[in-house]
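S.K.: with the sequence up front, the predicted model follows.
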Amino acid sequence: MRFFSLSTKSNRLRKPNFRSLIHNGKIRSTTTESTDRSSSRVSSSKLVCLGSAWRSMRFGCSIGESRTRRCFSSESSRESLSYDVVIVGAGPAGLSAAIRLKQMCRERNVDLSVCVVEKGAEVGAHIISGNVFEPRALDELLPHWRQEETPISVPVCSDEFLLLTRDRAFHLPSPFDNKGNFVISLSQLVRWLGTKAEELGVEIYPGFAASEIIYDLHHNVIGIGTNDMGIAKDGSKRENFQRGVELKGNITLLAEGCRGSLAEKVMKNYGLREKVQAQHQTYALGIKEVWEIDESKHKPGSVIHTLGWPLDSQTYGGSFLYHMKDKQVSIGLVVALNYHNPFLNPYEEFQKFKHHPAIKPLLEGGTVLQYGARTLNEGGFQSIPHPVFPGGAIIGCSAGFLNVPKIKGTHTAMKSGMLAAEAAFGVLQDGSNMESYWEKLKKSWVWEELRRARNYRPAFDYGLIPGLAISALEHYILRGRAPFTLRHGKPDHEATNPAKLHSPIQYSKPDGVVSFDVPTSLYRSNTNHEHDQPPHLHLRDPTIPELVNMPEYAGPETRYCPARVYEYVPDEKGQLKLHINAQNCLHCKACDIKDPKQNIEWTVPEGGGGPGYSVM
């Protein structure tokens with residue numbers, strides 16, 4: 001066993017590195033799954049064994065005796081590990097924060113311990129390919145990336161914007177300005193960022209789901225707890241049971257992505273929206289496929305966006321089609337979740353879209369490689385909360401930095417992570433305050449970019465044509481300098497109308513060529529959850545589906561979910577009861593957002609569960 005060594009700076013106990021212990025055979029897995037040494041990633045099955053390996057130990061924390069006492073769990077079986085900075089989420093924001101922290105350590109010749117936990121089985125597993133990437137933040141973070149072998153190699157070569165009717169496509173002036181941008185696989189990018197972070201000394205642990213915030217006696221955040229593994233559906237402990245781990249940090253950064261479960265709790269606990277009079281967040285559901293198409297139809301770098309059909313004029317949304325490398329295209333439909341008609345089915349709308357005469361010929365003869373879905377923040381500037389809380393900060397899409405008219409949030413998420421890292425470094429080394437992150441953010445190009453784009457999304461609450469008119473005025477004439485700021489309408493869950501105000505929508509059966517049923521698509525997402533575990537989708541009131549959702553809204557959860565998680569099935573008396581197929585969950589969190597009575601709570605399942613998007 002390695003010994004602890006006491007650092008002379010900040011009286012910090014330096015702990016044995018998990019990865020070294022695993023490689024040296026100190027911790028043994030009960031499976032034969034191997035560690036990927038080439039990318040320095042540790043399999044989640046081996047990380048699950050950490051609890052039993054350290055059962056008899058307690059680790060001290062970073063600063064002072066009182067802080068050390070907080071590291072001991074109230075439950076004697078749960079281990080507590082401490083770092084200077086704990087980051088939840090190995091996406092663009094979290095990894096950029098980790099890299100920037102370690103860069104500053106090298107610049108100042110100091111050593112801070114940085115840990116990143118990721119609920120996916122591996123870095124990139126929960127990020128489906130296909131992204132138009134603006135490299136502005138990466139240019140600042142890693143200025144020499146163009147001289148390295150990176151997954152960023154396909155520049156945008158053409159940019160089309162189409163207004164679709166049922167059988168026509170009309171070209172509109174493109175507002176996206178993608179010159180200098182790249183068509184990439186985002187999963188590949190974050191995997192590459194992960195290797196850069198680990199080269200700098202960041203510890204990344206995939207397969208760990210952060211399930212709770214840990215507070216001290218003064219209600220300051222002092223870290224996170226990962227959930228227990230090996231719990232059966234009935235709450236009993238299975239043979240492979242392992243207690244979760246407490247990861248304590250002087251600073252905790254939440255980079256969970258859109259609708260992060262811990263970030264939502266922190267925002268509510270500390271009133272972070274109210275603190276700056278931020279409006280509620282509004283969301284969209286993006287449904288995406290990656291295809292391999294005929295080489296003769298493939299145009300690497302070609303980018304197409306559309307508005308209009310198949311959505312009606314009162315439903316905001318649009319499509320995208322990006323030609324990546326290796327004959328692959330990423331195609332998807334984004335539907336704003338403030339739609340009114342409870343019979344609307346975003347998945348079926350996407351299947352319908354692929355039959356448009358401007359789209360279908362491209363896909364015919366091709367093969368679907370992946371399917372996935374994810375919600376997007378669309379609130380923009382008006383919905384940015386105060387991102388700092390006692391003990392840490394919220395970064396990336398958890399705070400909502402997506403630029404809606406650009407349909408881009410990777411570069412802004414990365415920049416927010418970098419700014420938070422600089423603030424955290426100042427706290428740990430110079431005694432400054434984490435509020436400097438908020439000040440840095442308001443002075444950055446992120447703030448100005450989102451401020452100038454603030455009126456695009458709420459403009460479409462007035463309908464498609466008024467939205468286009470206001471957007472054109474903003475983009476071409478006012479250029480973001482309008483003397484007013486439009487407000488968002490109702491929160492997404494309140495926007496759903498009673499079913500009696502609408503007629504059911506009849507969708508065509510899939511043809512198996514360009515359109516598919518849900519089970520077929522779900523198979524392509526490589527989604528997997530341990531079947532015998534407590535459901536991670538909770539009903540706050542189990543009677544609401546039968547008493548409210550079905551009679552008043554015709555069971556909308558059976559349609560807004562793109563993975564058929566929710567089904568109404570008759571019981572022994574013939575009464576319809578809601579059945580939850582939690583194992584199908586794509587982690588899109590649409591249910592947490594769109595349920596009319598906010599009765600569904602999405603929580604993290606066992607670490608490593610969920611979609612398994614490949615990183616091709």
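M.R.: Received it, and whenever you're ready, just let me know what you need.
S.K.: drop to CA atoms for contacts and neighbour counts, all remaining ones
M.R.: OK.
S.K.: show me what the helix or strand where residue 87 lies is packed against.
M.R.: Using DSSP states H and E, residue 87 sits in strand 79-88. Counting by 3 or more C-alpha pairs under 8 Å, 6 or more residues apart in numbering; DSSP states H and E, the packing neighbours recorded for strand 79-88 are helix 92-108, strand 114-118, strand 245-254.
S.K.: how does it look with 10 Å?
M.R.: Packing partners of strand 79-88 (3 or more C-alpha pairs under 10 Å, 6 or more residues apart in numbering; DSSP states H and E): strand 13-14, helix 50-53, helix 92-108, strand 114-118, strand 221-226, strand 245-254, strand 392-394, helix 410-430.
S.K.: hmm, residue 613 is touching residue 522, no?
M.R.: No: Residue 613 lies out of contact with residue 522 (C-alpha atoms under 10 Å); the separation is 11.3 Å.
S.K.: what segments of the stretch 501-616 of the chain are strands?
M.R.: According to DSSP state E, counting those that start in this stretch, the stretch 501-616 of the chain carries its strands in the segments 537-539, 566-570, 576-580, 600-602.
S.K.: show me what contacts the closest residue to residue 284 other than its chain neighbours?
M.R.: Leaving aside its sequence neighbours, residue 284 sits nearest to residue 336 (C-alpha to C-alpha, 6 or more residues apart in numbering; 3.9 Å). By C-alpha atoms under 10 Å, 6 or more residues apart in numbering, the residues touching residue 336 are 282-286, 315-318, 346, 375-378, 457, 492.
S.K.: check residue 193 too.
M.R.: Residue 193 neighbours (C-alpha under 10 Å, 6+ apart): 90-92, 94-96, 98-99, 123, 138, 142, 150, 187, 199.
S.K.: any idea which element it lies in?
M.R.: Assessed by DSSP H and E, residue 193 sits inside helix 186-199.
S.K.: hang on, the earlier thing: distance of the residue nearest to residue 284 from residue 379?
M.R.: The gap separating residue 336 from residue 379 is 11 Å, by C-alpha to C-alpha, to the nearest Å.
S.K.: okay, and the common contacts of the two?
M.R.: Any residue near both residue 336 and residue 379 by C-alpha under 10 Å, 6+ apart counts here, and that gives 282, 283, 284, 457.
S.K.: let me know the secondary structure of residue 471.
M.R.: With DSSP: H, G, I helix; E, B strand; the rest coil as the basis, residue 471 sits in helix.
S.K.: ok, it touching residue 175?
M.R.: Yes: the pair residue 471 and residue 175 passes the contact test of C-alpha under 10 Å, sitting 9.4 Å apart.
S.K.: next, show the common contact partners of the two.
M.R.: Any residue near both residue 471 and residue 175 by C-alpha under 10 Å, 6+ apart counts here, and that gives residue 405.
S.K.: on that earlier part again, in strands, which of the shared contacts of residue 336 and residue 379 appear?
M.R.: Within the shared contacts of residue 336 and residue 379, residues falling in strands by DSSP state E are 283, 284.
S.K.: nearest to residue 325 among the shared contacts of residue 336 and residue 379?
M.R.: Comparing these against residue 325 with C-alpha to C-alpha picks out residue 284 as the nearest, at 27.1 Å.
S.K.: who touches the closest one in this structure?
M.R.: With C-alpha under 10 Å, 6+ apart, residue 284 has these contacts: 316-317, 333-339, 374-379, 492, 590, 593-594.
S.K.: again with residue 155
M.R.: 132-133, 178-184, 300-302, 324.
S.K.: one more time with 7 Å, if that's ok
M.R.: Residue 155 is in contact with 180, 181, 182, 183, 301, counting by C-alpha atoms under 7 Å, 6 or more residues apart in numbering.
S.K.: isn't the fourth one right up against residue 158?
M.R.: No: the pair residue 183 and residue 158 fails to qualify as a contact (C-alpha atoms under 7 Å) at a distance of 11.0 Å.
S.K.: what's the overlap in contacts for those two?
M.R.: Common neighbours of residue 183 and residue 158 (criterion: C-alpha under 7 Å, 6+ apart): residue 301.
S.K.: returning to what we had before: for residue 471 and residue 175, indicate the residue with more neighbours.
M.R.: Higher neighbour count among residue 471 and residue 175: residue 471, with 24 against 15, using other C-alpha atoms under 10 Å.
S.K.: can you count the residues close to the closest residue in space to that one that isn't next to it in sequence?
M.R.: Nearest non-adjacent residue to residue 471, counting by C-alpha to C-alpha, 6+ apart: residue 456, 5.4 Å away. Neighbours of residue 456 under the rule other C-alpha under 10 Å: 25.
S.K.: what of the one 4 residues further on?
M.R.: Using other C-alpha under 10 Å, residue 460 is surrounded by 22 other residues.
S.K.: per-residue pLDDT, it?
M.R.: You'll see residue 460 listed with a pLDDT of 94.
S.K.: any idea how far the nearest residue to it once chain neighbours are set aside lies from residue 408?
M.R.: Nearest residue to residue 460 in three dimensions, chain neighbours excluded: residue 467, at 4.1 Å (C-alpha to C-alpha, 6+ apart). Shown here: residue 467 relative to residue 408, a distance of 19 Å by C-alpha to C-alpha.
S.K.: so which residues of the stretch 301-450 of the chain form strands?
M.R.: Under DSSP E, counting those that start in this stretch, the stretch 301-450 of the chain gives strands at 302-308, 317-323, 328-336, 367-377, 388-389, 392-394.
S.K.: surely residue 515 is in contact with residue 351?
M.R.: Yes: between residue 515 and residue 351 there is a contact under C-alpha under 7 Å: 5.0 Å.
S.K.: these two: which is more packed in?
M.R.: Taking other C-alpha under 10 Å, residue 515 and residue 351 do not tie; residue 351 has more neighbours (23 against 20).
S.K.: what residues are up against the residue positioned nearest the centre of the chain?
M.R.: Taking C-alpha atoms, centre = their mean, the centroid of the chain lies closest to residue 257, which sits 3.0 Å from it. Going by C-alpha under 7 Å, 6+ apart, residue 257 touches 396, 397, 398.
S.K.: and for the last one, the neighbour number?
M.R.: Translated: residue 398. Neighbours of residue 398 using other C-alpha under 10 Å come to 25.
S.K.: swap in the one 3 residues further on?
M.R.: Applying other C-alpha under 10 Å, we find 30 other residues in the vicinity of residue 401.
S.K.: and for the one 5 residues further on?
M.R.: Residue 406 has 14 neighbouring residues, counting by other C-alpha under 10 Å.
S.K.: who's the closest residue to residue 223 other than its chain neighbours bridged to?
M.R.: Closest residue to residue 223 apart from its sequence neighbours, by C-alpha to C-alpha, 6+ apart: residue 248 at 4.2 Å. Taking DSSP bridges as the rule, residue 248 bridges to residue 82, residue 223.
S.K.: contact partners for residue 248?
M.R.: Taking C-alpha under 7 Å, 6+ apart, we find residue 248 in contact with 71, 80, 81, 82, 83, 222, 223, 224.
S.K.: how many residues are close by the residue nearest to the third one when sequence neighbours are not counted?
M.R.: Right, residue 81. Closest residue to residue 81 apart from its sequence neighbours, by C-alpha to C-alpha, 6+ apart: residue 247 at 5.0 Å. Counted with other C-alpha under 10 Å, the neighbours of residue 247 add up to 25.
S.K.: equivalent analysis for residue 108, please.
M.R.: By the criterion of other C-alpha under 10 Å, residue 108 has 10 neighbours.
S.K.: show me where the protein dips below the pLDDT cut-off.
M.R.: Within the chain, the stretches with pLDDT under 70 are 1-76, 615-616.
S.K.: distance of the residue nearest to residue 575 when sequence neighbours are not counted from residue 197?
M.R.: Spatial nearest neighbour of residue 575, chain neighbours left out: residue 569 (7.9 Å); criterion: C-alpha to C-alpha, 6+ apart. Distance of residue 569 to residue 197, computed by C-alpha to C-alpha: 48 Å.
S.K.: compare the two (neighbour count), which wins?
M.R.: Ranked by neighbour count (other C-alpha under 10 Å), residue 569 and residue 197 place residue 197 first, with 24 against 12.
S.K.: by neighbours, which of the contacts of residue 248 wins?
M.R.: residue 223 (30 neighbours).
S.K.: do you know how far it is from residue 144?
M.R.: Here residue 223 is placed at a distance of 34 Å from residue 144 (C-alpha to C-alpha).
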